[in-house]
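Undergrad: below are the sequence and a predicted model for it; my questions follow.
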Amino acid sequence: MARRQSGYLMRMLYFPAGMPLVLVVAEDWTLRVAVRAELLECGIEALGLARLDDVAEAVAQGQMPSVVVLEAGLPGADSPALAQLARSVPVIVVASHTERAPALEQAAAVLYRPVSVGEIVVRVKHLLEGQPA
């Protein structure tokens with residue numbers, strides 16, 4: 001299915017269960033809110049979460065994400081549950097150049113700060129289209 005957006009055709013993967021869901025997980029509220037708002041503006045369902053515990057709760061409630069945008073350095077980022085999620089769902093990690101987190105090893109993409117909201121959204125769109133991030 002193609003949609004016209006900003007002067008170009010954008011193809012998005014649509015899943016039988018409905019629109020793809022992107023979880024934006026960041027303690028930094030400005031990152032979380034800005035990325036979520038931009039994704040919503042593009043017609044992509046997005047949920048902003050402040051903690052990794054919230055991800056487990058969302059998945060338990062049946063909100064399985066198609067992509068996760070994750071701020072590196074969150075408490076619990078080295079958990080086995082996150083590693084398992086990263087094996088089944090592409091994870092985009094936003095990190096500083098000095099961070100060495102286990103989440104970085106299994107990420108579909110690592111974006112180092114300073115990174116723009118637009119760059120993050122482009123990577124999410126690529127993953128939703130089935131392209132490498």
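TA: Cool, got the structure.
Undergrad: phi, psi for Gln61 please.
TA: Main-chain torsions, Gln61, degrees, to the nearest 10: phi -90, psi 10.
Undergrad: likewise for Ala83?
TA: Phi and psi for Ala83, reported as degrees, to the nearest 10, are phi -60, psi -40.
Undergrad: how about Asp28?
TA: The phi/psi pair for Asp28 (degrees, to the nearest 10) reads phi -70, psi 100.
Undergrad: give the contact list for the residue nearest to it when sequence neighbours are not counted.
TA: Distances taken as C-beta to C-beta, 6 or more residues apart in numbering place Glu71 nearest to Asp28, at 5.9 Å, with adjacent residues excluded. Any C-beta I mention is one placed from the backbone N, CA and C, and that applies to glycine too. Shown in contact with Glu71 (C-beta atoms under 8 Å, 6 or more residues apart in numbering): 25-28, 31-32, 93-95.
Undergrad: do that again at 6 Å, thanks
TA: Contacts here follow C-beta atoms under 6 Å, 6 or more residues apart in numbering; on that basis Glu71 touches 26, 28, 94.
Undergrad: most neighbours, which of these?
TA: Greatest neighbour count in the contacts of Glu71, by other C-beta atoms under 10 Å, goes to Val94: 26 neighbours.
Undergrad: any idea which element it lies in?
TA: strand 91-95 (DSSP states H and E).
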